[in-house]
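**Student:** For reference, the sequence and a predicted model appear below.
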Amino acid sequence: MPRIIPIRDLKKTSQITQLCQSEREPIFVTKNGYGEMVIMSMKMYEERMLLHDIYAKLDEAEADLAAGNAVDGREALRQLRQKYGL
């Protein structure tokens, strides 16, 4: 379940830091009962950015495959060996 805190709690920096380190989900910060921002640990941010990058590369690969821009792996290796005399 997502953690939701009011913006006034951001004054408690050491508690917020501990909360960010212990939670595996982003922490939602509200102002006057409405969503204002999201905070998370640097580790979680880096993990999410890595996943985002992987998904973007998979989407690109699937688009290439759908467009017919794919070569059989054995054929690609044969072409490389022929090109470089291996």
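**Tutor:** Yes, it's here. Numbering: from 1, shown residues only.
**Student:** now the strands for the chain?
**Tutor:** In the chain, the strands defined using DSSP state E lie at 3-6, 27-31, 34-39.
**Student:** got the domain boundaries for the chain?
**Tutor:** 1-40, 42-86 (automatic domain parsing).
**Student:** got the end-to-end distance for the longest one?
**Tutor:** Distances were taken as CA to CA, to the nearest Å; on that basis the terminal residues of domain 42-86 are 45 Å apart.
**Student:** ok so, going back, ranking the domains of the chain by burial, who's on top?
**Tutor:** A comparison of the domains of the chain by mean neighbour count, using mean count of other CB atoms under 10 Å, puts domain 1-40 on top with a mean of 12. In this view, the C-beta of every residue, glycine as well, is placed from N, C-alpha and C.
**Student:** For it, what is the distance to the chain centroid?
**Tutor:** 20 Å (CA atoms, centre = their mean, to the nearest Å).
**Student:** quick check: mean pLDDT across that domain?
**Tutor:** Throughout domain 1-40, pLDDT has a mean value of 93.
**Student:** need the longest helix for the chain.
**Tutor:** Counting residues, the longest helix found in the chain (DSSP state H) is helix 42-66.
**Student:** Quick one: work out the angle between that one and strand 34-39.
**Tutor:** Helix 42-66 and strand 34-39 are oriented at 90 degrees to each other (axes from the mean of the first three to the mean of the last three CA atoms, to 10 degrees).
**Student:** from the middle of its chain, how far away would helix 42-66 be?
**Tutor:** Counting by CA atoms, centre = their mean, helix 42-66 comes out at 7 Å from the chain centroid.
**Student:** For it, enumerate the helices and strands it packs against.
**Tutor:** Of the remaining helices and strands, none touches helix 42-66 by 3 or more CB pairs under 8 Å, 6 or more residues apart in numbering; DSSP states H and E.
**Student:** If anything else comes up later, I'll come back, but that's it for now.
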